[in-house]
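Visitor: Give me the fold of what follows.
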Amino acid sequence: MGRAFEFRKGRKMKRWSAMAKAFTRIGKDIVMAVKEGGPNPEANSRLRAVIQNSKAANMPKENVERAIKKAIDKDTANYKEVLFEGYAPHGIAILVETATDNNNRTVANVRSYFNKCNGTMGTQGSVEFMFDHTCNFRIPKGEIDPEELELELIDFGAEEVFEDEDGILIYAPFGSFGTIQKELENRKLEILSSGFERIPQITKKLSEAEMADVEKLIEKMEEDDDVMNVYHTMEE
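Guide: Numbering: from 1, shown residues only. From the prediction side, this is the model:
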């Protein structure tokens with residue numbers, strides 16, 4: 001198995017457990033998708049993907065409809081996606097994806113988390129190159145052979161296809177998202193969820209005490225409503 005498989009296995013052990021946080025993230029994704037491509041999921045592939053994710057997270061349908069209505073309202077501010085980079089203690093690179101309607105607030109908050117946890121906030125490009133920006137799709141197992149599917153999807157950008165207890169996962173470079181989404185839909189394969197992740201190219205093993213130092217910073221970041229995802233180079 002490749003790095004995507006190991007990465008997914010490591011992250012599955014923790015996080016994404018806070019349901020309220022998941023709903024907040026999806027709500028923001030809906031606003032950004034509607035502002036970008038309109039409220040009709042049939043004509044807006046990004047919104048279509050977010051609605052699939054809302055179902056996977058068991059987000060009530062009325063929450064989704066409310067978020068779409070809110071996004072149509074001209075008075076609703078759009079969110080700007082901003083990436084922050086830096087280092088946690090013990091030389092661990094950190095990437096923080098945010099979606100914010102107040103960049104000054106978010107910059108100040110993220111900097112304060114780095115400072116309070118003995119980390120350092122870096123400049124643009126200082127650690128981003130240490131991560132591969134990927135897209136992923138989850139489809140039901142059904143009668144599909146993951147190895148055969150991988151061979152068929154290579155021409156559309158797929159790099160890794162594997163099975164876990166929740167279905168089949170397809171990983172590809174970030175730029176292949178639209179191509180693979182279209183191909184899966186053309187094949188009438190149900191997309192259970194999809195998204196983007198940044199997979200570290202190299203990870204660093206730490207002692208338990210050192211891991212606790214890094215986790216403290218990660219947890220602080222993840223508690224912030226503007227923070228969508230935190231990625232790091234610590235071996236999990």
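Visitor: The residue nearest to residue 49 when sequence neighbours are not counted: which element?
Guide: Among residues not flanking residue 49 along the chain, residue 194 sits closest, at 4.9 Å (Cβ to Cβ, 6 or more residues apart in numbering). Every residue, glycine included, has its C-beta placed from N, CA and C. Here residue 194 sits within strand 193-200, counting by DSSP states H and E.
Visitor: picking that back up, isn't the residue nearest to residue 49 up against residue 181?
Guide: Yes: contact between residue 194 and residue 181 holds when scored by Cβ atoms under 8 Å: they sit 6.8 Å apart.
Visitor: what do the two both touch?
Guide: Residues within reach of residue 194 and of residue 181 at once, by Cβ atoms under 8 Å, 6 or more residues apart in numbering, are 49, 137.
Visitor: Helices of the chain, residue ranges please.
Guide: Using DSSP state H, the helices of the chain run over 3-12, 19-37, 45-56, 61-72, 103-116, 146-153, 177-186, 208-223.
Visitor: what's the average pLDDT for the first one?
Guide: Think helix 3-12. For helix 3-12, the mean per-residue pLDDT is 67.
Visitor: Kindly report the same for the last one.
Guide: Over the span of helix 208-223, the pLDDT mean works out to 95.
Visitor: buried residues in it?
Guide: Residues 210, 211, 213, 214, 215, 216, 217, 218, 220, 221, 222 are the ones in helix 208-223 that count as buried (16 or more other Cβ atoms under 10 Å).
Visitor: Check the residues you listed and tell me the two furthest apart.
Guide: The span of the buried residues of helix 208-223, defined through Cβ to Cβ, is set by 210 and 222 at 19.0 Å.
Visitor: follow-up on the earlier one: include distance to residue 165 when you put the helices of the chain into CSV, please.
Guide: Formatted as CSV, those follow (distance: least, Cβ to Cβ, whole Å):
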stretch, distance to residue 165
helix 3-12, 10
helix 19-37, 19
helix 45-56, 14
helix 61-72, 26
helix 103-116, 34
helix 146-153, 13
helix 177-186, 20
helix 208-223, 24
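Visitor: Which of these sits closest to residue 200?
Guide: Between residue 200 and the helices of the chain, the shortest gap by Cβ to Cβ is with helix 3-12, which sits at 7.5 Å.
Visitor: Would you mind measuring from residue 137 to residue 195?
Guide: Separation of residue 137 from residue 195 (Cβ to Cβ, to the nearest Å) stands at 8 Å.
Visitor: Comparing the two, which residue is more hemmed in?
Guide: Taking other Cβ atoms under 10 Å, residue 137 and residue 195 do not tie; residue 137 has more neighbours (26 against 18).
Visitor: Contacts only, for the more buried one.
Guide: Contacts for residue 137 were tallied using Cβ under 8 Å, 6+ apart; they are 169, 170, 180, 181, 184, 191, 193, 194.
Visitor: Next: residue 64.
Guide: When the contact criterion is Cβ under 8 Å, 6+ apart, the partners of residue 64 are 26, 30, 51, 54.
Visitor: wait, which of those residues is closest to residue 119?
Guide: Nearest to residue 119 among the contacts of residue 64, with distances taken as Cβ to Cβ, is residue 26, at 28.1 Å.
Visitor: Name the nearest residue to residue 115, ignoring sequence neighbours.
Guide: Counting by Cβ to Cβ, 6+ apart, the nearest residue to residue 115 once its immediate chain neighbours are dropped is residue 121, at 7.8 Å.
Visitor: And the pLDDT for the one you found?
Guide: The predicted local confidence for residue 121 comes out at a pLDDT of 98.
Visitor: leaving aside the residues next to it on the chain, what's closest to residue 114?
Guide: Nearest residue to residue 114, sequence neighbours excluded (Cβ to Cβ, 6+ apart): residue 121, at 4.5 Å.
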